[in-house]
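Participant: got a predicted structure plus its sequence, pasted below:
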2 protein chains.
Amino acid sequence: MTDRGLVDRLAELAVVVGANVQAGQVVTVGANIGQGKLARAIAEQAYRRGARFVDVSYFDPYVKRARIELAAQDTLDGVPSWYRARVRALAETRSARISLAGPTEPEALRGLDPDRLGRDQLPWLNEWMEVIQSRTVNWTVVPCPTEDWARLCFPELPEPAAVERLRREIAHVCRLDEPDPATAWRARAAELGQVGARVSELRLDALHLQGPGTDLTIGLLPSSSWLSAKATTVDGLEHLPNVPTEEVFTSPDPERVDGHVRSTRPLVLADGTLVRGLEVRFERGRAVAIEADEGAAVLRGRAVQDEGAGRLGEVALVDRSSRVGRLETVFYETLLDENAASHLALGDGFREAVDEDDAARVNRSGIHVDFMVGCAELDVTGITRDGRRLPLLRDGAWQI
Amino acid sequence: MTDRGLVDRLAELAVVVGANVQAGQVVTVGANIGQGKLARAIAEQAYRRGARFVDVSYFDPYVKRARIELAAQDTLDGVPSWYRARVRALAETRSARISLAGPTEPEALRGLDPDRLGRDQLPWLNEWMEVIQSRTVNWTVVPCPTEDWARLCFPELPEPAAVERLRREIAHVCRLDEPDPATAWRARAAELGQVGARVSELRLDALHLQGPGTDLTIGLLPSSSWLSAKATTVDGLEHLPNVPTEEVFTSPDPERVDGHVRSTRPLVLADGTLVRGLEVRFERGRAVAIEADEGAAVLRGRAVQDEGAGRLGEVALVDRSSRVGRLETVFYETLLDENAASHLALGDGFREAVDEDDAARVNRSGIHVDFMVGCAELDVTGITRDGRRLPLLRDGAWQI
């Protein structure tokens, strides 16, 4: 596939399968500086599909750097009123949203004071969480291959080879090497939906995760259901919030998480901070110790940002058939890496994963930080309400 | 001056002299894709000066191209609600605004249907005109040298020489080659202010412009005053809306313009359309014929966009001491080219140029399109209320 071919197919996937853009909709596209090629291709595809307006906004991490370095400390968590108003307006106008993922300009935020960096979450805004929960916007996140990203993933390769490999792997995990990617995604979404339904039917009381560096029990809420790929807006529009997606996930009981867990892949925070070798200890639901080989301070800052930021909002299971997991690549990008392996997330949970009775018990926070804990050696066991232990994942394979 | 030196000095000029950014202000920066270096330097300078937040937005003309090519005809003049709301919020919050000027990506809009192109004015929004008139925002427009721009101005030079020449000329016209550019601009603004005051005192009834291809009489309003470089917000903040600036200007009587005029330099519309060899014939204030060697159709579309779009909102006089005019360069950028020579503008006028009694008579429109008519051979003559003719410009020199 040529570069142009990949960009066009990714754009079509984002518009048609990911966000499922409707004629007459406004489509907002969130990109970083350096992701222009895909952003423009998405604009073309969206207009072809009848979009009324495509609003591409480019985030510049070097402008953020100037802020972190130079702005007054007490201004770092603020944004102008129109930032929040715009996000709310997307919901009111039932717009679509396509976000591009993938590291760009990896040097832009290097070496900044982690406390100051932790105060500025841009380009993330908490209002997005409200919009997602309100299910008023058909949205998706898709990967955007760039040269910067290729160098980060494959530093041992000469640049043209690194770029070529990243493009090939992204085409593969996005199923763009299938004759009809849209059909392939419908099939995969159906499979994941069936697995989620089977685990949900077990009505588990808790999960037990055991593996190298990990011994963690995660209580579930009485009505915790396992969701997967497909989401539906209040207006009935189906969309795939993440492309690719390989997970089934739910929101656990934020008060009943105990033990310790070691991450199996690096993670990159929304502001670009890399966290490697993460280890977290939980007591009665709360992360009481966060250690890491790199990036611990910024993550600790995030985890005390609000009452729910140090508790789990998500537990997600990924089996070994994941196309991401079957590659050996560390992408330094949550969208891909989380789909390689089972993972947890600190912060906001999914109200749509529980019944109305439990909705108030789902964790709430302004953050949502995924970290990968799965590997072939991680045993995931379900614990039923009457104390039986049911193997869910062994050697990365579903046991149910 | 190194490239970095020029960028930093332009940024400082924009923040300190142009917009006069105050501590605690939000600063919005409007840039095109490809103008990131200066936008980032402005962010740094603004934060150094105590800005609360710097909101850089990048406009991508290729996304606009996709819209013009593919969107439904009846959607082309619309924008999402949050576009207009954001501009109004700038006024409400007394924010500062810095816009970067200069052609980038000259191919982006080439060959598009002029009628469709004429319907989409982005990145311009009519709400900006209201904000400018309300004098609530301290704003400036500064030039941003880029390689694209250098190639456009100096196609006969090899690229490095073209870039070097554009940088040198922009440094010169922005007075960055002075030991203290801020002091130099204060002095030039004072000179222009004095010329404007002298012409205003004449209380002219009309101007007569006569030169090659031009014989035009422009009526003035009873209270038309001649403004120049410096503007002041309702809160008393002085700023220079354009850097560089070499003009004295006022708003004429939109009902009393008769004759014909030939432009002496090309102009570039906000959407990137180049108009060359423009000739306009006016009858009783209205442009009744618009011809050009290139770009006439798009400009004709603009000129019928609303009731005032085909009438004059501005007449500006520039003498031969202009640093822009003394260069032989055509910059294909109104910010610079209009300061080379006397010029007129179709569209919205300046209510602040007249007394309250005449405010309702100043032309109103959603557009403001400057076109240059001055040259050494253009005689500008003032006509007093009692019919005397007073030479104002001869051979490009002030006669008063």
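Facilitator: Great, that's in hand.
Participant: chain B contacts on chain A?
Facilitator: A:26, A:33, A:36, A:39-40, A:43-44, A:47-48, A:50-58, A:60, A:62-63, A:66-67, A:69-72, A:75, A:78-83, A:85-86, A:89, A:93, A:95 (C-beta under 8 Å from any C-beta of the partner chain). For glycine as for every other residue, the C-beta is placed from the backbone atoms N, C-alpha and C.
Participant: list the buried residues of stretch A:51-64.
Facilitator: A:51-56, A:58-64 (16 or more other C-beta atoms under 10 Å in any protein chain shown).
Participant: what about it, average pLDDT?
Facilitator: The pLDDT scores in stretch A:51-64 average 97.
Participant: and what of stretch A:243-259?
Facilitator: Rounded mean pLDDT across stretch A:243-259 is 97.
Participant: repeat for stretch A:320-328
Facilitator: Mean predicted confidence for stretch A:320-328 is 91.
Participant: identify the residues contacting that stretch?
Facilitator: A:169, A:172-173, A:175, A:244, A:246, A:318, A:331, A:336-337, A:339-341, A:374, A:376, A:395-397 (C-beta atoms under 8 Å, 6 or more residues apart in numbering or on different chains).
Participant: please redo it, this time with the cut-off set to 7 Å
Facilitator: Defining contact as C-beta atoms under 7 Å, 6 or more residues apart in numbering or on different chains, one finds that stretch A:320-328 is touched by A:Glu169, A:His172, A:Val173, A:Pro244, A:Glu246, A:Val318, A:Leu336, A:Asn339, A:Ala340, A:Ala341, A:Gly396, A:Ala397.
Participant: equivalent analysis for stretch A:163-175, please.
Facilitator: By C-beta under 7 Å, 6+ apart, stretch A:163-175 touches A:1, A:3, A:6, A:10, A:13, A:143, A:145, A:147, A:149-150, A:153-154, A:157, A:177, A:181, A:184-185, A:243-244, A:323-324, A:327, A:329, A:336.
Participant: quick one: buried residues of that stretch?
Facilitator: Buried-residue list, stretch A:163-175, by 16+ other C-beta under 10 Å: A:Val163, A:Arg165, A:Leu166, A:Arg167, A:Arg168, A:Glu169, A:Ile170, A:Ala171, A:His172, A:Val173, A:Cys174, A:Arg175.
Participant: for chain A, longest helix please?
Facilitator: Selection of the longest helix in chain A by residue count, based on DSSP state H, yields helix A:181-201.
Participant: only alpha carbons, please: show that helix as CSV.
Facilitator: C-alpha atoms of helix A:181-201 as CSV (Å, rounded to 0.1, in the frame of the first residue of the first chain):
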residue,chain,number,x,y,z
PRO,A,181,-11.9,-3.5,6.3
ALA,A,182,-15.4,-2.5,7.2
THR,A,183,-16.7,-6.0,7.0
ALA,A,184,-13.7,-7.3,8.9
TRP,A,185,-14.4,-4.8,11.7
ARG,A,186,-18.1,-5.8,11.9
ALA,A,187,-17.0,-9.4,12.3
ARG,A,188,-14.4,-8.6,15.0
ALA,A,189,-16.8,-6.4,16.9
ALA,A,190,-19.4,-9.2,16.8
GLU,A,191,-16.8,-11.7,18.3
LEU,A,192,-15.8,-9.3,21.1
GLY,A,193,-19.5,-8.6,21.8
GLN,A,194,-20.1,-12.3,22.2
VAL,A,195,-17.2,-12.8,24.6
GLY,A,196,-18.4,-9.8,26.6
ALA,A,197,-21.9,-11.2,26.8
ARG,A,198,-20.6,-14.6,28.1
VAL,A,199,-18.4,-12.9,30.9
SER,A,200,-21.3,-10.7,31.8
GLU,A,201,-23.6,-13.7,32.2
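Participant: ok, back up a step: show only the entries of the buried residues of stretch A:163-175 found in strands.
Facilitator: Among these, none falls in strands (DSSP state E).
Participant: what's the most distant pair in those residues?
Facilitator: A:Val163 and A:Arg175 (20.4 Å; C-beta to C-beta).
Participant: list the neighbouring strands of the longest strand that chain A contains plus their orientation.
Facilitator: Ordering each strand of chain A by length in residues (DSSP E) puts strand A:252-262 first. Sheet pairing of strand A:252-262 (DSSP bridges) gives strand A:214-220 (antiparallel), strand A:279-283 (antiparallel).
Participant: name the helices or strands packed onto the helix or strand containing A:Ala91?
Facilitator: Assessed by DSSP states H and E, A:Ala91 sits inside helix A:81-92. Counting contacts by 3 or more C-beta pairs under 7 Å, 6 or more residues apart in numbering or on different chains; DSSP states H and E, helix A:81-92 packs against helix A:126-134, helix B:81-92.
Participant: quick one: name whatever helix or strand follows the shortest one.
Facilitator: For helix A:126-134, the following helix or strand on the C-terminal side (DSSP H and E) is strand A:138-143.
Participant: for that following strand, give the mean pLDDT please.
Facilitator: 98.
Participant: which other helices and strands does whatever helix or strand comes next after it contact?
Facilitator: Going down the chain from strand A:138-143, the next helix or strand is helix A:147-153, by DSSP H and E. The contact analysis (3+ C-beta pairs under 7 Å, 6+ apart) places helix A:147-153 against helix A:159-173.
Participant: tell me the angle the helix it packs on makes with strand A:138-143.
Facilitator: On the basis of axes from the mean of the first three to the mean of the last three C-alpha atoms, to 10 degrees, helix A:159-173 is oriented at 140 degrees to strand A:138-143.
Participant: for the stretch 201-350 of chain A, give me the ranges with low pLDDT.
Facilitator: Residues of the stretch 201-350 of chain A meeting the criterion pLDDT under 70: A:271.
Participant: quick one: the strands in it, in order.
Facilitator: A:206-211, A:214-220, A:231-232, A:238-239, A:247-250, A:252-262, A:267-268, A:274-275, A:279-283, A:286-291, A:312-318, A:343-347 (DSSP state E, counting those that start in this stretch).
Participant: make CSV out of these and add distance to B:Arg110.
Facilitator: Shown next, in CSV, are the strands of the stretch 201-350 of chain A (distance: least, C-beta to C-beta, whole Å):
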stretch, distance to B:Arg110
strand A:206-211, 58
strand A:214-220, 58
strand A:231-232, 41
strand A:238-239, 35
strand A:247-250, 45
strand A:252-262, 56
strand A:267-268, 39
strand A:274-275, 42
strand A:279-283, 55
strand A:286-291, 54
strand A:312-318, 48
strand A:343-347, 47
